[in-house]
Every structure is written in structure tokens, then in C-alpha cells.
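**Q** fold the following for me, if possible:
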Amino acid sequence: MKQSTIRDIPGGVTAVKGVRAAGVCCGIKQSALDLALIASDRPATVAGVTTSNRSKAAPVLLCERQLKGGRFSAVVANSGNANACTGSQGERDAAQMRDRLARILDRPAGEIFVASTGVIGKRLPISKVLSGIRKGFERLSVEGGEAAARAIMTTDTHPKQAAVSLELDGKPVIIGGMAKGSGMIAPNLATMLCFVGTDAQASAPLLRQVLRRAVGNTFNAITVDGCMSTNDIVLLFANGMSDAPPLKAGTPKLVAFEEALSQILSRLARMIVKDGEGATKLIRVEVRGSRTAHDAGIAAKAVADSALVKTAFFGEDCNWGRIMAALGASGIRFDPSRVEIALDTIPVVRNGVGLGEAAERRAAARMRRPEFDLTIHLHAGTGEAIVLTTDMSEAYVRINAGYRS
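**A** Model (predicted):
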């Protein structure tokens with residue numbers, strides 16, 4: 001089969017055939033959009049991944065139970081309140097959100113998903129949320145995707161959407177999604193809130209396999225502040241409303257679909273990092289030559305999460321000693337005397353030793369750019385990994401110091 005061309009198209013999740021969305025203000029926030037609905041005209045199969053944080057929010061626990069059924073009709077998501085660490089009352093509130101939308105849509109409760117994001121430890125103003133669900137239902141439309149993407153924002157500065165089209169057996173298929181995330185970004189199996197739909201046809205187990213692989217090299221390869229959220233969830237649903245035949249394991253069609261899905265998740269992940277709280281720079285940290293790919297990932301995240309490294313990025317100071325320290329503290333096995341470090345192809349360390357002030361000045365000049373690469377070679381094997389990260393500025397401290405005020 002000829003490889004299908006993947007094309008970027010306008011919009012997000014509502015670019016998918018048979019998907020409608022809405023974003024409304026229900027009163028969690030004083031005047032901003034704070035409640036999103038996404039609904040599929042036809043019941044869909046679904047897969048999802050959730051945070052590995054043991055302090056899971058009530059909606060995450062609910063979604064984990066719902067995912068076992070493998071069916072999706074809609075999701076309701078609020079911002080401004082995480083409904084996390086709220087005990088049994090929080091679980092009842094999440095169930096009320098699910099049940100209210102199920103009744104309004106006349107769909108089984110097991111097909112309705114719930115997500116929340118915002119301040120931890122406060123009870124939802126549930127009566128406002130339930131009224132907002134009715135308002136959101138009345139505004140569901142194919143034009144509602146951007147409002148929905150805005151309604152799940154917290155400290156984000158802009159909505160995050162992406163969509164692509166491809167052909168499978170000559171039939172057009174669309175994948176579209178939206179996400180939110182800016183701070184508390186150190187995902188493991190998911191990141192913040194992300195909802196992706198497709199009009200392809202696929203079983204829930206197959207979607208689960210594809211999603212887990214795609215998340216591994218996208219959402220699991222980014223960090224802003226090294227802090228894992230209580231509320232992370234990614235949902236992928238397939239309503240089969242295109243004319244394309246069902247996706248099957250081990251086929252070229254599935255390979256093409258997975259490539260397109262990875263493009264969507266990669267774009268959304270990059271948007272999240274670029275919009276990192278207080279960030280002024282996006283840095284691609286690449287580790288090569290580790291003993292294993294797993295070791296490379298550990299080393300890359302150790303550097304990408306280091307507050308000392310990130311503040312040096314912000315200060316445009318090529319302080320490679322901080323990078324060496326982060327590598328050494330990562331716990332992986334390597335010989336420091338063989339390490340090479342380059343910034344945007346400019347070598348600054350060879351055989352574990354700095355190459356002098358002139359090299360550091362040239363590298364520091366590259367650090368003035370809004371995006372640059374940091375490449376580390378350990379010369380210990382063939383493992384490699386890439387992590388996207390940000391710098392850390394005074395603005396990050398101000399944003400998080402006043403988050404609840």
C-alpha cells in the first residue's frame with residue numbers, strides 16, 4: 001500500500017466528522033470560559049492514559065473505571081478547580097457531572113467521561129457546574145472547538161489545537177485534538193488534559209496500543225517544571241464515521257494512522273512546552289550514546305528538569321558544569337571522562353573537560369535564541385532519547401506564588 005500523505009488542516013477535535021464541542025462560563029471562574037463539552041454524534045470506541053501520580057483526582061479515578069468499557073459518547077471538562085484531594089464528596093461530584101450529561105444526551109453513563117483541572121483541594125461548586133452542562137449542551141456545534149479549548153485553560157496563554165487528514169484505502173480520515181498545559185508538566189503516561197478524536201474505525205484494544213506508543217515519544221518526552229499533576233488524562237476516541245475500513249493490527253494502514261496520531265500529539269506537546277509558565281526559551285535536550293534507551297531518557301530528563309540548568313538557560317549562561325552535575329546525579333552508569341556536550345552544534349565539552357571561554361561565549365550567543373538544542377554524547381552505548389524542556393524565569397515563581405490568589 002502506498003504511504004498516505006498526512007496534511008495539516010485547520011481546527012482541532014471538531015474537524016473530525018460527527019464531533020461537536022462547546023465552551024461556556026459556568027461560574028467557577030468569575031468571567032472566563034471554564035466548562036468544555038465534546039460529544040460524538042455516534043458512540044465511539046475509546047482508549048486513554050492517566051497520570052501515575054498516586055494522588056489521583058476524582059475525575060481521573062472515574063475515567064479509569066469508564067475506560068474499562070471501551071465506549072465513548074462525550075466528555076465534560078472544567079477548569080479552575082481540580083476536584084483533587086476532595087474525598088468521597090469529590091467522587092460524588094464527578095459522578096454527578098457524568099450523570100447529568102448522560103441524561104441530557106440520552107446516552108449510557110458508562111460512555112460519559114469527566115475531567116477537571118485547576119486548584120487542588122477545593123470542592124467543586126457543583127450546582128454551577130451542573131447548570132453549565134445544560135448551557136454547554138445547548139451550544140454544542142462543529143464551530144465550538146476553539147471555545148472548548150479555551151475553556152480548559154488554566155495558566156495557559158492560548159488554546160492548543162491540531163488536526164490532520166490522511167487517506168486510508170483512498171478514503172479520507174481525520175484526526176483532531178485539543179490540549180491544555182503550561183505548568184505542573186512532568187507527565188508519566190499522560191499530560192494535563194488532552195482529548196483527541198478520529199473518524200477512523202478501530203477497536204478499543206487497538207486504540208489503546210496505538211495511544212500508548214504515541215504518548216511515549218510525545219507527551220512523555222516533555223517537561224516544564226518536573227512536577228507531575230494529579231489530573232493528567234489523554235483520551236482518544238474513534239467514531240468510525242469516515243468511509244474507511246476498520247484499522248487492523250500489523251497493517252500499513254495502522255502504521256500510517258499511528259504516524260498521523262503521533263504528529264498530532266507531538267504538535268500539542270510542543271505547544272505545551274512553548275507555553276510553559278514563565279518560559280522564554282524552548283530547549284531540545286538530546287542524549288546519545290548511553291547504555292540503553294531507558295538510560296538515555298533518565299539522563300535527558302535529569303538535565304531537562306534541573307532547576308540549576310534551567311535557570312542557566314534563562315540567564316543565557318553556558319554553565320556546562322551544571323549539566324555534568326545533573327548527568328552524574330541521574331543514577332545511570334557512564335564514564336564522565338568520555339562525555340561530550342554541544343549547544344546548537346557548538347562543542348563546549350570534550351572528554352569531560354570544558355573547551356574554554358571562547359567556546360562558551362559562542363554557545364552563550366546561541367542561547368539568546370528562543371529555541372536551541374543541547375546535545376550530550378555519553379559514549380557508553382547506542383541508547384538515545386530526546387526531551388523538550390524550557391528555561392525557568394522569575395515569572396514562573398510569580399505565577400505559582402500567586403496561583404490561588
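
**Q** mean confidence for the one helix or strand residue 118 maps to?
**A** Assigned by DSSP states H and E, residue 118 belongs to strand 112-119. Strand 112-119 comes out with an average pLDDT of 94.

**Q** ok, stretch 208-218 next?
**A** Mean predicted lDDT for stretch 208-218 stands at 92.

**Q** where's that stretch relative to the chain centroid, distance-wise?
**A** 12 Å (CA atoms, centre = their mean, to the nearest Å).

**Q** how does this protein divide into domains?
**A** Following automatic domain parsing, the chain resolves into domains at 7-274, 282-401.

**Q** list the buried ones in stretch 345-355?
**A** Using 16 or more other CB atoms under 10 Å as the test for burial, stretch 345-355 gives 346, 348, 349, 354, 355. Using the backbone N, CA and C atoms, a C-beta is placed for each residue, glycine as well.

**Q** my error: substitute stretch 287-307 in the last question.
**A** 287-290, 292, 295-306.

**Q** which of those fall within helices?
**A** If you go by DSSP state H, those have 295, 296, 297, 298, 299, 300, 301, 302, 303, 304, 305 in helices.

**Q** can you give me the strands in the stretch 151-300 of the chain?
**A** Assigned by DSSP state E, counting those that start in this stretch, the strands in the stretch 151-300 of the chain fall at 160-168, 171-180, 193-198, 233-238, 282-290.

**Q** hmm, back to that, I'd like the ones in helices among the buried residues of stretch 287-307 as TSV, with distance to residue 38 and pLDDT appended.
**A** Formatted as TSV, those follow (distance: CB to CB, whole Å; pLDDT from 0 to 100):
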residue	distance to residue 38	pLDDT
295	39	96
296	36	96
297	32	93
298	35	93
299	38	96
300	33	95
301	31	93
302	36	94
303	36	96
304	31	93
305	32	91
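
**Q** re earlier: elements contacting the strand holding residue 118?
**A** helix 58-67, strand 71-81, helix 87-105, strand 193-198 (3 or more CB pairs under 8 Å, 6 or more residues apart in numbering; DSSP states H and E).

**Q** looking at the strands of the stretch 151-300 of the chain, which is nearest to residue 149?
**A** With CB to CB as the criterion, residue 149 lies closest to strand 171-180 of those, at 4.2 Å.

**Q** give the other helices and strands that the closest one contacts.
**A** On a contact count with 3+ CB pairs under 8 Å, 6+ apart, strand 171-180 meets helix 145-151, strand 160-168, strand 193-198, helix 252-274.

**Q** most tightly surrounded among those?
**A** Mean neighbours per residue, mean count of other CB atoms under 10 Å, is largest over these for strand 193-198, with a mean of 30.

**Q** so which residues make contact with that one?
**A** 13, 16, 19, 38, 40, 44, 75, 77, 115, 117, 152, 173-181, 219, 231-239, 257, 261, 264-265, 268 (CB atoms under 8 Å, 6 or more residues apart in numbering).

**Q** paired strands for it, with orientation please.
**A** strand 171-180 (antiparallel), strand 233-238 (parallel) (DSSP bridges).

**Q** and stretch 235-254, what's buried?
**A** For stretch 235-254, a neighbour-count test (16+ other CB under 10 Å) marks 235, 236, 237, 238, 239, 240, 241, 242, 244, 247, 253, 254 as buried.

**Q** dump the strands of the stretch 151-300 of the chain into JSON lines; add distance to residue 135 as well.
**A** What follows is the strands of the stretch 151-300 of the chain, written out as JSON lines (distance: least, CB to CB, whole Å):
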{"stretch": "strand 160-168", "distance to residue 135": "22"}
{"stretch": "strand 171-180", "distance to residue 135": "19"}
{"stretch": "strand 193-198", "distance to residue 135": "19"}
{"stretch": "strand 233-238", "distance to residue 135": "22"}
{"stretch": "strand 282-290", "distance to residue 135": "37"}
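
**Q** which of those sits closest to residue 204?
**A** Of the strands of the stretch 151-300 of the chain, nearest to residue 204 by CB to CB is strand 233-238, at 8.6 Å.

**Q** quick one, that closest one and helix 252-274 angle?
**A** For strand 233-238 against helix 252-274, the angle by axes from the mean of the first three to the mean of the last three CA atoms, to 10 degrees is 150 degrees.

**Q** strand 233-238 to helix 58-67, inter-axis angle?
**A** Using the same axes, to 10 degrees: strand 233-238 against helix 58-67 is 30 degrees.

**Q** so how far is strand 233-238 from its chain's centroid?
**A** Using CA atoms, centre = their mean, the offset of strand 233-238 from its chain centre is 12 Å.

**Q** quick one, it and strand 71-81 angle?
**A** 150 degrees.

**Q** so where's this protein uncertain?
**A** Along the chain, the model assigns pLDDT under 70 to residues 1-4, 182-192, 225-227, 400, 402-405.

**Q** residue 200 and residue 41, how far apart?
**A** Distance check for residue 200 against residue 41: by CB to CB, to the nearest Å, it reads 15 Å.

**Q** more neighbours: which of those two?
**A** Ranked by neighbour count (other CB atoms under 10 Å), residue 200 and residue 41 place residue 200 first, with 28 against 13.

**Q** doesn't residue 247 make contact with the more buried one?
**A** Yes. Counting by CB atoms under 8 Å, residue 200 touches residue 247, with 5.9 Å between them.

**Q** overlap in contacts of these two?
**A** 168, 257.

**Q** in the buried residues of stretch 235-254, find the pair that's most separated.
**A** 235 and 253 (22.2 Å).

**Q** in CSV, list the ones in helices among the buried residues of stretch 287-307 along with distance to residue 136.
**A** Shown next, in CSV, are these (distance: CB to CB, whole Å):
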residue, distance to residue 136
295, 46
296, 44
297, 39
298, 42
299, 44
300, 40
301, 37
302, 42
303, 42
304, 37
305, 37
